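> this is a predicted model, with the sequence first.
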Amino acid sequence: MRVHLTELKEGDRLTHDTFNSYGLNVLSKGTELNAREISRLFQHQLDYVEIERRITEHPPERTIESSINPRWLPTVEPVYQEVVNGCEQLFMDAFQNGKIAEEDVVETFQPLVDNFKTERDVVSMLLLLNTKDDYTYQHSVQVGMLSYYLSSWLGYDEQQAVKVGQAGFLHDIGKSRIEAKILNKPDRLTEQEFEEIKQHTIYGNQIILKSFGQSVSAIVALEHHERIDGSGYPYRITGDKMHPVSKIVAVSDVYSAMISSRVYQKKRDLLFVLKELYRMSFAELDPFTTHTFIKHMIPNFIGKRIELVSGEYGTIVMTHPSEFFRPLIQINDQFIDLTVDRSLEVKQVFM
């Protein structure tokens, strides 16, 4: 059976020799896959491998977002955590000095780009590493990486994409001026507290201007909560007045916030989150930017087990380029195109 690397489990066994893009043999036929071997496949930037068919009596219970084991990502997790720690230091510098050093931003963020820019599925893996701890810093790291990828998908060159990623990384730096008891409050914010939270956009703009002058990062810090229909903050500007990079970071910001674990919020199913982004693209988020993001995320569903609203279980075989949430699925020996059979709908995606 052909599976994506993110679907591998310890104990799986290869049925074919596995080669990388240069034709070098990575692992041989018959190799039993454990954490070490799976990590090696990730390092060689492979996508799919052939393994012996598994015998399972029940469909897996974990959703796509909770199913990747961080132990399989030994080269990812330490880099990610180091950047989270570096982000915390930047927030501390902003709080104590009112500014940050541009070279510190580059030095902190660049390792993620260097390690992950060739990985197609790293966005999913990176977001799975988050916990309920250090939400503000992890969120900043995630938004930076998502913004880097999304700008690349939109056609920005490598140098431009890195700058966009840095802007996403710094988008919430203004929260360094917000009291921790408000940022981490588990209950609903009062109107006064929410007004204070909204000030982080202005604070962030001020910090970045003081740090290294007028820049895309300063604009993004100010605009990332503005919305296309004028319903955002702090100035309720509309899409025609928003900087293009602000639109990129806005999509990345919403996505990261919705899938993250927080004291008052559990992670939500990835399919639900993408559907919510799609809904928002008709009023709040830039449609072209949002649809580009969804189009590049949806292929991660190929090969995943799903439950239909009918209660039947199947596997996603192919995704549709425009009807994102109506894939071609296989149930036993039957193939069903959900763009044709409109009576069926995916309820949940499993590992």
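Everything's here; your move.

> this protein: strands as residue ranges?
2-4, 18-19, 25-27, 48-50, 305-308, 313-318, 328-331, 334-337, 346-350 (DSSP state E).

> neighbouring contacts of the second one?
Read that as strand 18-19. N25, V26, L27, S28, L41, L46, V49 (C-beta atoms under 8 Å, 6 or more residues apart in numbering). The C-beta positions use only the backbone N, C-alpha and C, and glycine is treated the same way.

> any idea which of those is the one closest to E223?
Taking C-beta to C-beta as the measure, E223 sits nearest to L46 out of the contacts of strand 18-19, at 39.0 Å.

> so what's the closest one scoring on pLDDT?
In this model, L46 is scored at 79, pLDDT.

> residue contacts, it?
L5, T18, N20, V26.

> right, and V254 touches L274 too?
No: with contact defined as C-beta atoms under 8 Å, V254 and L274 do not form a contacting pair (11.0 Å).

> return the member of the contacts of L46 nearest to F212.
Using C-beta to C-beta, the contacts of L46 come closest to F212 at L5, 39.2 Å.

> what is the burial count for the closest residue to that closest one other than its chain neighbours?
Nearest residue to L5 in three dimensions, chain neighbours excluded: L41, at 5.5 Å (C-beta to C-beta, 6 or more residues apart in numbering). L41 has 21 neighbouring residues, counting by other C-beta atoms under 10 Å.

> same check, this time on M92
Residues contacting M92 under the criterion other C-beta under 10 Å number 12.

> please tell me how far it sits from Y235.
29 Å (C-beta to C-beta, to the nearest Å).

> contacts only, for E82.
Neighbours of E82 in contact, by C-beta under 8 Å, 6+ apart: P111.

> quickly note the distance from it to E107.
11 Å.

> ok, for Q206, nearest residue in space, not its chain neighbours?
Q206 sits nearest to G174 (C-beta to C-beta, 6+ apart), 7.5 Å away.

> if I pick that neighbour, what's in contact with it?
Q199, H200, T201, I202, Y203, G204, N205, Q206, I207, A221.

> of those, closest to Q166?
Taking the contacts of G174 together and measuring to Q166 by C-beta to C-beta, the closest member is A221, at 11.4 Å.

> could you tell me how far the closest one is located from I182?
18 Å.

> and this protein, what are its domains?
Here the domain parsing of the chain from automatic domain parsing is 2-55, 71-298, 303-350.

> most tightly surrounded among the ones you listed?
domain 71-298 (a mean of 19; mean count of other C-beta atoms under 10 Å).

> any idea of the mean pLDDT in that domain?
In this model, domain 71-298 carries a mean pLDDT of 88.

> tell me how far it is from the chain's mean position?
Put simply, domain 71-298 sits 10 Å off its chain's centre (C-alpha atoms, centre = their mean, to the nearest Å).

> follow-up on the earlier one: wait, what's in contact with the residue nearest to L5?
For L41, counting by C-beta under 8 Å, 6+ apart, the contacting residues are L5, L8, T18, V26, L27, L33, V49.

> same question, K275
F325.

> what about it, distance to E345?
Taking C-beta to C-beta, one finds K275 at 11 Å from E345.

> now list whatever residues contact both of those two.
F325.

> all helices of the chain, in order?
Under the criterion DSSP state H, the chain contains helices at 35-43, 77-97, 102-116, 122-128, 135-153, 158-169, 180-183, 191-198, 200-212, 216-223, 244-259, 270-280, 287-297.

> gap between V220 and E102?
15 Å.

> separation between V249 and T201?
Distance of V249 to T201, given as C-beta to C-beta: 11 Å.

> next, show the common contact partners of the two.
By C-beta under 8 Å, 6+ apart, the residues touching both V249 and T201 are H224.

> picking up where we left off before, out of the contacts of L46, what pair is the most spread apart?
Across these, the longest distance by C-beta to C-beta is 12.4 Å; it joins L5 and N20.

> which among the helices of the chain is found nearest to N332?
helix 270-280 (22.1 Å).

> how far off helix 244-259 does that closest one point, in degrees?
Interaxial angle, helix 270-280 versus helix 244-259 (axes from the mean of the first three to the mean of the last three C-alpha atoms, to 10 degrees): 140 degrees.

> how about L150, what does it touch?
Contacts for L150 were tallied using C-beta under 8 Å, 6+ apart; they are V164, I248, V251, S252, T289, T292, F293, H296.
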